[in-house]
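Asker: Predicted structure and sequence below. I'll ask about it afterward.
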Amino acid sequence: MPALLDLAQQLQDTPFGIALAESRYAFPIVEGAHLIGLSLSVGLITLIDLRLLGFFLRGIAVDDVLRSLRPWVLWGFALTFASGLALFTSEATTALTSPVFPYKMAFIALAGLNALYFELRLHRWRRRAPAGTAHEPPSSIVAAGWASLGLWALVVAAGRLLPYIPH
Amino acid sequence: MAYPVFQALQASALAQAVAKSNHLVGAGLQIVHITGLLLLLAGVLLIDLRALGLVLRGQSLRTLGAETSRVLWLGLGLAAASGALIFLTSAVRYAGNGAFELKIALLLAAIGVQYLVQRRVFAREDGNPAAVRSAAILSLVLWFGVAAAGRAIGYI
């Protein structure tokens, strides 16, 4: 994919990419922001999934947990994506040639599709059973909870593997 | 500087076994470490955001705190066990690293504070709101400080 690599090289050569790669403090600080974003997004999603599956906070309705935590999860994702994009910019060609990077992107895409499926099913469930009438979600929503746990774990694992798999 | 204790730890059979294994074992330990850390931080966030009145306000802090602390301590267990093995393989190098020393100091403080706060502040239904809020902020600062110091280890 030479075109993609050219694009990566151009991204890396922008003043922002160079500044981030060369600064002693900026790179670890952006990595720290990525970690804070992850604990809000993937971390709180994990807790929501554990509630869906009935392992955690069974005394609180699924809807209450979702409604209360969703804004925090979304802000967390905004921070994770923004910091992740910045990190990518500073080492775009290295990331693109890593054998793990495409897997990480694919797992993120699948986790996103799964979240979309989850929201659609949730909407349908709520139309049939208004909030408060049925406490435990149907099996399709529970299955999406399992998929979410597995896919986000794969995203985190692939991300952590990036510096360990030589290319 | 000589660190006889750390040299002995690094020379131990367990440390040698991990160090001489495939480098993917080291990567696997890092994956368990970050997974445990994210579970721990998610638990910390849920309890402290509730204590600050920012999420699940209708739920009792005592009940939520008690249930969530199980997730928090499970995450800490995973992170600490994998972290101990990662440390053993290069104990001498870690021991002289300022960020690592800060991380361990913050970690011990965070464990102590979390234990006390859960039992003495969050477990009381009639907790003083200012005390509850200060405890939540202290807990957040300490745990995210542990994570930040950990991230800095590789850059020192």
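Answerer: Nice, thanks for sending it over.
Asker: Quick one: low-confidence residue ranges for the chain.
Answerer: As the question left the chain open, I've gone with chain A. Using pLDDT under 70 as the threshold, the predicted model of chain A has low-confidence ranges A:1, A:131-135, A:167.
Asker: look at chain B instead
Answerer: Of all residues in chain B, those with pLDDT under 70 make up the ranges B:1-2.
Asker: how about the residues of it near chain A?
Answerer: Counting by C-beta under 8 Å from any C-beta of the partner chain, the residues of chain B close to chain A are B:23-24, B:26-27, B:30-31, B:34-35, B:37-39, B:41-43, B:45-46, B:49, B:54-59, B:63-64, B:67-68, B:71, B:144, B:147-148, B:151-152, B:154-155. From N, CA and C alone the C-beta is placed, and that goes for glycine too.
Asker: Can you flag which of these belong to helices?
Answerer: Those of the residues of chain B next to chain A mapping onto helices are B:23-24, B:26-27, B:30-31, B:34-35, B:37-39, B:41-43, B:45-46, B:49, B:63-64, B:67-68, B:71, B:144, B:147-148, B:151-152, per DSSP state H.
Asker: I'd like to know which of those residues are buried.
Answerer: Among these, those scoring as buried are B:27, B:30-31, B:34-35, B:37-39, B:41-43, B:45-46, B:49, B:64, B:67-68, B:71, B:144, B:147-148, B:151-152 (criterion: 16 or more other C-beta atoms under 10 Å in any protein chain shown).
Asker: Flag every residue of chain A that's near chain B.
Answerer: Within reach of chain B by C-beta under 8 Å from any C-beta, chain A has these residues: A:24, A:27-28, A:31-32, A:35-36, A:38-40, A:42-44, A:46-47, A:50, A:56-57, A:59-60, A:64-65, A:68-69, A:72, A:153, A:156-157, A:160-161, A:164-165.
Asker: closest point of chain B to chain A, which residue?
Answerer: Nearest residue of chain B to chain A, counting by C-beta to the nearest C-beta: B:Ala42, 3.0 Å away.
Asker: what's the nearest residue to that residue if we skip its chain neighbours?
Answerer: Here the nearest residue to B:Ala42 in space, its sequence neighbours aside, is A:Gly43; by C-beta to C-beta, 6 or more residues apart in numbering or on different chains that works out to 3.0 Å.
Asker: any idea how far that neighbour is from B:Leu9?
Answerer: When C-beta to C-beta, to the nearest Å is applied, the distance between A:Gly43 and B:Leu9 equals 31 Å.
Asker: quick one, which of these two is more surrounded?
Answerer: Each of A:Gly43 and B:Leu9 has its neighbours counted (other C-beta atoms under 10 Å in any protein chain shown); A:Gly43 has more, 30 against 20.
Asker: got a list of what the more buried one touches?
Answerer: If a contact means C-beta atoms under 8 Å, 6 or more residues apart in numbering or on different chains, then A:Gly43 has A:76, B:38-39, B:41-42, B:45 as its contacts.
Asker: For chain A, which segments count as helices?
Answerer: A:2-12, A:15-22, A:26-38, A:44-52, A:62-90, A:92-97, A:101-128, A:139-161.
Asker: now, of these, which is deepest in the fold?
Answerer: Using mean count of other C-beta atoms under 10 Å in any protein chain shown, the stretch among these with the greatest mean number of neighbours is helix A:44-52 (a mean of 22).
Asker: what separates that one from the chain centre, distance-wise?
Answerer: In terms of C-alpha atoms, centre = their mean, to the nearest Å, the centre of helix A:44-52 is set 13 Å apart from its chain centre.
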